[in-house]
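K.L.:
Quick one: sequence and predicted model below, then my questions.
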Amino acid sequence: MKEGDHVELIVDGGWFKRFPWSRQLIDPDTRLAVGASAIPIYGSLLDLKHPYGVIVQTDGTWDAKGNKHGGLEAFIPWSQVIGILKIGAESEPASKSFGFKPQRKH
């Protein structure tokens, strides 16, 4: 994967839900179960080289009524990233591929 790729970033749900704004980044169409252990965030990779995490430009934000608004840049620490799914062009059916974050020595 490279910068600019459109992805589904899978984030640890417990960590993510600690932030009051976190629900704004979850597309209501994903219909997550209450208490989901992993949260998908859709967006474009901006920086994969950051040593402590990944920066993503989200596809959007959603208000309490489910209305979509512009996206934002989000920094997600590597320790909270479960996986990254690359999403291909919409014209390519079933065009997802997956990858795992590189293991870093602590």
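P.N.:
Thanks, I have it.
K.L.:
so what's residue 9 bridging to?
P.N.:
Counting by DSSP bridges, residue 9 is bridged to residue 41, residue 84.
K.L.:
what's it in contact with, if anything?
P.N.:
Listed by Cβ atoms under 8 Å, 6 or more residues apart in numbering, the contact set of residue 9 reads 40, 41, 42, 43, 54, 56, 76, 81, 84, 85. (Each C-beta comes from the backbone N, C-alpha and C, glycine too.)
K.L.:
mind listing the strands in this structure by residue range?
P.N.:
Per DSSP state E, the chain carries strands over the ranges 6-12, 38-47, 53-58, 61-62, 68-69, 73-77, 81-87, 96-99.
K.L.:
Let me have the contacts of residue 9 in JSON lines, extended by neighbour count and pLDDT.
P.N.:
Converted to JSON lines, the contacts of residue 9 look like this (neighbours: other Cβ atoms under 10 Å; pLDDT from 0 to 100):
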{"residue": "40", "neighbour count": "18", "pLDDT": "92"}
{"residue": "41", "neighbour count": "22", "pLDDT": "92"}
{"residue": "42", "neighbour count": "19", "pLDDT": "93"}
{"residue": "43", "neighbour count": "23", "pLDDT": "94"}
{"residue": "54", "neighbour count": "24", "pLDDT": "92"}
{"residue": "56", "neighbour count": "26", "pLDDT": "94"}
{"residue": "76", "neighbour count": "19", "pLDDT": "93"}
{"residue": "81", "neighbour count": "18", "pLDDT": "93"}
{"residue": "84", "neighbour count": "20", "pLDDT": "88"}
{"residue": "85", "neighbour count": "16", "pLDDT": "88"}
